[in-house]
Every structure is written in structure tokens, then in C-alpha cells.
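Trainee: give me a 3D structure for the following:
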Amino acid sequence: MPDADYIQERIGEIGRWQWRILAVLGTAAALGAWQTLAISFLLPEVDFKCAPNGSLTEQEKSLDPRLSWNNVDQESTNYQISEDQCTIIYNDRNESCTSWVYNETGASIVQEFNLVCSNDYLRSLSSALYMCGMMLGTLSSGVLSDLFGRKKVMIGTAIIFSILSCCIAAVTSMMAFIAIRVFIAASGIAMYTTCYVYAMEIIGGRWNSIIGIGFQIPWAVAYMILPGLAYALPYWAHLQIAISLPCLIYLLVLFIPGLVPESPKWLLVKGYEKEAEAILDKAAKMNNMQGKVVRSSGAKVTTDKQDWSYSEILRSPHTIACALVMFYLWFTNSLVYYGMVLNSGKLLPGNVYINNFISGVLELVAYILTIVVFLFGGRRYPQSVTMILGGVALLLTLIGNKPKSDTEDGMSDGEDDSTSNETVKQVFGQLGKFAITASFAMVYLYAAELFPTVIRNSGMATSSFFARVGSVIAPFAGRELGNIDVRIPICLFAILSILAGILTLVLPETKDVLLSDTIKEGEKFIAYKDATLRKCLPKPTA
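Mentor: Next up is the predicted model:
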């Protein structure tokens, strides 16, 4: 009998034993969320002013609290400062400013390493390379956990994650900060992915959908807590330490004997039946399932057979079309989600602490709503509606923008061109992010149900790869384009989302449908299910 069915019959779809382990595994999502989302407070958008002599007098500081040069002040000196506060104009010569003062309380990395003007690109580069680290961790975690086991990889990645998360608070250069963050990202996502796989291996039935999406809830809770920590700890190194110390506690918890054993499914697949049975016996006892299932004599655990070829895929046009749409959905969801999250200070007006707290609350609601929809609704239309809704909501944020108007001196404040109706932008911006969050949660299980068994792992891995490509582009698409005009990334995200929502209608509905095992079965199912937008493609022969 299949190993998953055997495990569920031995210990039940879910019980005390699974809940105890899930409580530990879910913590990985919260810890990863803090390290990823903290960038909004480590590298915030700040107002700054060039200080040619390295500092300003109290009189100069009091001239304008928004750090715009006063005309009288400029006339009393032999130099002027460019509008972007990056160039000193002295005796008709242009010199780069090398020191600045900031109109912000606390001390972020931006202030500590002067990440403005010619160094501003390092902020986007840091976020992009962090996402590259996540891509590396995603690709390596599956291979490592299959080779060495779930528990060993969880502990190994937790060690790296915990140590580096604490050590980064002591860096003395931006390059060191960027480099360490890459490895934090790789180890963090590897730890999370391994925990997620482990969780899916010990539950069954409708709990696969509930936990599959609900596993993101700790991320949303951590999202809600983070603004409070950042407000209480304005110095970036103190905040970094505060969000890293729990990682050490989590590591110690993993070492508690018997609390999180090796995955029984992995043990069975690898032939360690004695060890697996010992774990299942303890789990069955805790779940009051002992004695209720007797294993059939000679029952054998099976693994997926890789009896397929690329030529078979090439002869499956419906499968190819749906796979390409699914890859695009992952790419777009990741690009828009991280584009909004990592650049919230640039794209959404208002207080960064309040905005992040509201985003966390809405994510929690989005995950709960997604669980309800997946249990009682479908996949195809909810996926389409959330993506279109997200795109339309983002377009409506432009109502709160009006073209930049000339001031008396033709100068602007150097920030984005949003000058009116910030409430409209906040409401529709948060609504757009809410819809994309729900869509991103849906697409995971939708993809798992769409791909046939023989290529499911490959299909999910490829989908995840496209998602990481989107997340790598997100910092540049959001912030660098936003520096030109904040409407550009908003329009880009909106158009991509609406297009993704329309393309979702190419996919078949997979709710309450028996999952396909072979490529041939998958092609036949897809070709005759919701195929209106694919009617130009040839149907498979019997």
C-alpha cells in the first residue's frame, strides 16, 4: 500500500502527535518572516540633506524641518546643493556630496552606511541578492532532505540560520551585510521548506489543504508583531538581535529528544522500517490509534516511479499550455507580492509601522479566507478573481496620485509624486496586496493538484524557480522604477496581475478530481476539462 495511506491509517489524518510537531515546525515560518520582512525597517525610506562640512549648525538644522535648503542660507555660502541633495555646486564646479544628515529618529543601516545618492543602489541590490539566496536554498533543500533526512537538514539549516542572524548585527560594512543576508536567506528558506514537506508527510485528508495554507499563518502573525518590535527598538542592530534570539531558542527545541523525530515517511521510503514503526507506534499511542490498524503481511512502501520522458511531455500540448500558465502565475504572484512588501515605504504612503501592521492583519485574514474557499469553493475561479481584483485595486491607487505640479521654484521634495488623497492609495494598495496574498496561497495547492504524480515534484520545483525569479526582480521593479515615478511599478504590477487572472481561465478546475498519476492521464483530463480557451489545441487520441 502507498506509504502515505499506511501512515494515515496507523496514526490518523491528524491528532495530538501531529499538532505537537506542527507547533514546532510552524515556528520556522515566523522566524523566516522576521528576517525577510525586517528589511522595511532596516533599510527604510528616509529624508536626508547634504552636509558639505560633515555637520550642520543648530541654526541650519532649524531652517527647515523637512531638510530643504533655505534660499537665504544658500546665499550666505559660496556653494549650492542640487535638488536631489547629492551634488555640491561650488564656483561653477560640481562635486559629489560625501556626508549627509537625516531627518529620522533612530539609526537604520541607511544612516549608518550612508546608503543614499551613489550608494542608493545597494538597497535594491541587497534585497535582490537576498532573494537569490532564497532561490539557492529552495533548490538545494529538496535534494539535501531527500538524501540525509528531514530532521538532519532542519537542524543543520537552523544552526546556520541562527548563528548568522545574530552575527549580522555586528557587521561594519554594507557588503558584509549583503553577503551574510544571502546565506541567512538560503538557510532560512531551506529550513522552512523542509519543515513544510515534513508537515505534509504526517497529515492527510482535507487537512492537507488546511495545513498547506494554514502553515503561512505564523508568517502573518510575525508580520503583525514586527512593527511593534521595530518601533520599540529604533537602532537596527538592536532590532536584528531581537528577531534573531528566538532562532537560538528554536534550535534548542529541535534538540529535545523525541519532540520532533525523523519523518516516518522518509524512513519508510529509505527502508528504515524498524525506526519508522517505532515512531509510528508512539504516535499511534498518543493519538489513541493503537491496535486499530494491523499492517498487512508483506505490505511494501512504494516510491514514485520516474517512468516518463520529455518526448511524452512534448506530445502533450494541453499539459504544456497549462504548465506555462502555472509558471507565469507563480512568477507574477511572487513579483507583485514581494514588490509590494519590500518596497512598501516607496509605494504606499503613510506611517511604515501602521502600514506593516495592517498588512500583517490582512495577510492573516487572507490565509483564513483561502482555507475556506479551498474547502468549500473551487480553484480556478477564486484564483482568477483574486488576481484580477488585486490588479484592479492597484490601478485604483492611482486615483490618489496626480501629476507632479510645478512649485514656485520648480523644485519638488525629491520623493514620489503622490500629493493628494493618501487614504485612497492606502485603502486600495492594502486591498491589492490582500488579494495577491490570497492568490499566492492558492497557487501552491492548485499547482500540486494540476501536475501528474510522475512530474509533480519537477513541476512544483520549476514553478518555485519562476517564483524566485519574480522575487529577485521585485526590489528593482518596485524601488528603482518607483524612484523614476511611483506610478510605473504600480501599473506594471497591476497589468501583470490582471493578465494572470485572465490566463488562469486556461486552467482546468481540479477540486474533487482524482489526481492524475501519468502524463497521459493528465493530458486526457486537461484536454476535456474546461478547455474552451484551449479548443485550438489537438485532443489526445484514445
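Trainee: where in the stretch 251-400 of the chain is pLDDT low?
Mentor: Applying pLDDT under 70 to the stretch 251-400 of the chain flags residues 290-310, 345, 400.
Trainee: just the helices in it please.
Mentor: 264-269, 273-286, 310-314, 317-342, 344-347, 352-376, 380-396 (DSSP state H, counting those that start in this stretch).
Trainee: among those helices, which is nearest Pro234?
Mentor: helix 352-376 (10.7 Å; Cβ to Cβ). C-beta: built from backbone N, CA, C; applies to glycine.
Trainee: list the buried residues in that closest one.
Mentor: By neighbour count on 16 or more other Cβ atoms under 10 Å, the buried set for helix 352-376 is 352, 355-364, 366-367, 369-371, 373-374.
Trainee: would you agree Leu396 is in contact with Gly429?
Mentor: No. Leu396 lies out of contact with Gly429 (Cβ atoms under 8 Å); the separation is 9.0 Å.
Trainee: which element is Phe434 on?
Mentor: Element membership for Phe434 (DSSP states H and E) is helix 422-450.
Trainee: what angle sits between that helix and helix 317-342?
Mentor: Orientation check (axes from the mean of the first three to the mean of the last three Cα atoms, to 10 degrees): helix 422-450 against helix 317-342 gives 150 degrees.
Trainee: show me where the stretch 51-200 of the chain dips below the pLDDT cut-off.
Mentor: Looking along the stretch 51-200 of the chain with the criterion set at pLDDT under 70, you get 52-79, 91-92, 104-106.
Trainee: how about the strands in it?
Mentor: 79-81, 87-90, 93-96, 100-102 (DSSP state E, counting those that start in this stretch).
Trainee: most packed of those?
Mentor: Ranked by mean neighbour count under mean count of other Cβ atoms under 10 Å, the strands of the stretch 51-200 of the chain are led by strand 100-102, which reaches a mean of 19.
Trainee: parallel or antiparallel, list what pairs with that one.
Mentor: For strand 100-102, the paired strands and their directions (DSSP bridges) are strand 48-50 (antiparallel).
Trainee: tell me who's in contact with Ala531.
Mentor: Shown in contact with Ala531 (Cβ atoms under 8 Å, 6 or more residues apart in numbering): His318, Pro508, Leu537.
Trainee: and those residues, which of them are buried?
Mentor: His318, Pro508.
Trainee: which of the contacts of Ala531 lies closest to Gly339?
Mentor: Pro508 (29.1 Å).
Trainee: what secondary structure does the closest one sit in?
Mentor: Assigned state for Pro508: coil (three-state reduction, DSSP: H, G, I helix; E, B strand; the rest coil).
Trainee: return the residues in contact with it.
Mentor: Pro508 neighbours (Cβ under 8 Å, 6+ apart): Cys322, Arg380, Leu450, Phe525, Ile526, Lys529, Asp530, Ala531.
Trainee: how close does it sit to Lys433?
Mentor: Counting by Cβ to Cβ, to the nearest Å, the separation of Pro508 from Lys433 is 28 Å.
Trainee: with Leu481 instead?
Mentor: 17 Å.
Trainee: just for the stretch 401-542 of the chain, where's the confidence low?
Mentor: Within the stretch 401-542 of the chain, the segments meeting pLDDT under 70 span 401-420, 457, 541-542.
Trainee: now do the helices in it.
Mentor: Counting by DSSP H, counting those that start in this stretch, the helices of the stretch 401-542 of the chain are 422-450, 453-475, 481-484, 487-503, 519-527.
Trainee: quick one, helices of the stretch 1-150 of the chain?
Mentor: Under DSSP H, counting those that start in this stretch, the stretch 1-150 of the chain gives helices at 3-11, 16-37, 39-42, 58-63, 71-75, 109-112, 121-148, 150-167.
Trainee: tell me which of Leu481 and Lys433 has more neighbours.
Mentor: Lys433 (28 against 20; other Cβ atoms under 10 Å).
Trainee: could you dump the helices of the stretch 1-150 of the chain to a markdown table with distance to Tyr231?
Mentor: Listed next are these as a markdown table, based on distance: least, Cβ to Cβ, whole Å:
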| stretch | distance to Tyr231 |
| --- | --- |
| helix 3-11 | 44 |
| helix 16-37 | 14 |
| helix 39-42 | 9 |
| helix 58-63 | 24 |
| helix 71-75 | 33 |
| helix 109-112 | 17 |
| helix 121-148 | 21 |
| helix 150-167 | 20 |
